[in-house]
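**Q** Provided below for reference: sequence and predicted model.
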Amino acid sequence: MIKSMTGYGRSEIQDKGYKVSVEVRSLNHRFLDINLRINKLLSGLEERVREFVGEKIKRGRVDLSISFDVYDKTLNFIKIDYPLLEEYLKAFSEVKSKFSLEGSITVHDLINLPEVIKLENEEVNLEEVWEVLERALEDALKKLVNMRISEGRKLYVDVAKRLEKITRIVERVEDLSSTMVEDYQRRLEQRIKELGVEVEPMRIAMEVALIADRACITEEITRLKSHISQFESSLEEEEPVGKKLDFILQEMNREANTIASKAIDYRISKEVINLKDEIEKIREQIQNIE
């Protein structure tokens with residue numbers, strides 16, 4: 001079953017003293033393009049994250065955001081920036097002396113000074129974090145893939161209906177082509193009669209034979225039927241088929257253009273317009289198929 005390239009998933013897991021949140025979105029794109037936003041403490045896991053995503057998603061633009069926090073306070077420690085604190089105290093003393101200010105600095109004043117007291121994480125155990133992150137990634141990507149499958153079912157229904165229309169159009173073109181030469185000969189003879197001129201039967205036969213050769217669309221119809229069959233079977237494949245479907249549609253459109261250039265029956269030309277319209281509508285849909 002085909003999958004859409006549009007999806008969303010989110011997951012949050014707390015374990016081993018860590019809290020990991022994963023949010024992932026995907027949109028259509030010609031290739032797999034992963035845009036990753038990850039906490040700098042986890043930068044050592046970036047390549048592993050990209051490989052994990054690549055195993056689940058084969059095509060599309062993926063926006064992945066990973067937030068990380070430590071909720072086990074035993075994994076934290078307090079750090080005081082004494083050099084910075086000394087600079088603050090020196091500045092306060094100078095200001096107090098210069099402007100003859102009264103008052104004193106309290107501990108409360110000190111702890112609220114920017115960057116003086118920090119709560120920092122010790123170096124994280126990346127292997128422990130990966131165990132938590134992997135589960136969060138698995139859960140978020142599962143939700144995203146399920147959404148892509150759901151959207152894919154809707155695309156499948158629409159594309160299948162349009163493919164049926166294309167099949168019927170090709171059948172009508174084939175029926176019309178079977179009498180195209182005879183209809184042309186009849187119109188030619190009628191026109192000659194209306195003009196009141198004498199034309200040798202052999203001359204008419206040669207003209208008809210020439211047109212029959214130039215206007216023959218049997219091969220194009222055969223190839224169109226083959227492309228339709230390939231398209232139908234590709235829709236049932238488990239592997240990503242978006243690019244393959246796009247290529248088949250290009251070939252179908254090329255055959256339609258050739259038929260249009262050869263057609264000597266306005267009814268065939270009309271059918272080809274409808275054929276190209278349905279091909280284009282399917283092409284628009286498969287731009288979002290993985």
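**A** Noted; the coordinates are in hand. If you're wondering where the values come from, they're calculated on a predicted model, not measured in any experiment.

**Q** can you classify the residue of the chain most remote from its centre by secondary structure?
**A** Among the residues of the chain, the one whose C-alpha is farthest from the average of all C-alpha positions is residue 100, by C-alpha atoms, centre = their mean at 68.3 Å. Following DSSP: H, G, I helix; E, B strand; the rest coil, the label given to residue 100 is coil.

**Q** show me what contacts the closest residue to residue 271 other than its chain neighbours?
**A** The spatially closest residue to residue 271, leaving aside those adjacent along the chain, is residue 173, at 5.0 Å (C-beta to C-beta, 6 or more residues apart in numbering). In short, each C-beta sits where N, CA and C put it, glycine included. Residue 173 is in contact with 217, 221, 259, 268, 271, 272, 275, counting by C-beta atoms under 8 Å, 6 or more residues apart in numbering.

**Q** next step: those restricted to strands.
**A** Within the contacts of residue 173, no residue falls in strands by DSSP state E.

**Q** let me know the closest of those to residue 166.
**A** Proximity to residue 166 was ranked across those by C-beta to C-beta; first place goes to residue 275, at 6.3 Å.

**Q** under the pLDDT cut-off, which ranges of this protein? List them.
**A** Regions of the chain meeting the criterion pLDDT under 70 cover residues 72-78, 118-123, 181, 183-185, 188-189, 192-194, 199, 204-205, 207-213.

**Q** show me the helices in it, by range?
**A** Counting by DSSP state H, the segments of the chain that form helices are 46-56, 82-98, 107-111, 126-178, 180-195, 201-214, 218-234, 242-262, 266-286.

**Q** list just the one of those helices that sits closest to residue 28.
**A** Residue 28 lies closest, by C-beta to C-beta, to one member of the helices of the chain: helix 242-262, at 8.5 Å.

**Q** against which helices or strands is that closest one packed?
**A** Helices and strands in packing contact with helix 242-262 are listed as helix 218-234, helix 266-286; criterion 3 or more C-beta pairs under 8 Å, 6 or more residues apart in numbering; DSSP states H and E.

**Q** which one of those helices lies closest to residue 5?
**A** helix 266-286 (10.2 Å).

**Q** what sits up against that closest one?
**A** With C-beta under 8 Å, 6+ apart as the test, helix 266-286 has contacts from 155, 158-159, 162-163, 165-166, 169-170, 172-173, 176-177, 180, 217, 242, 245-246, 249, 252-253, 256-257, 259-260, 263.
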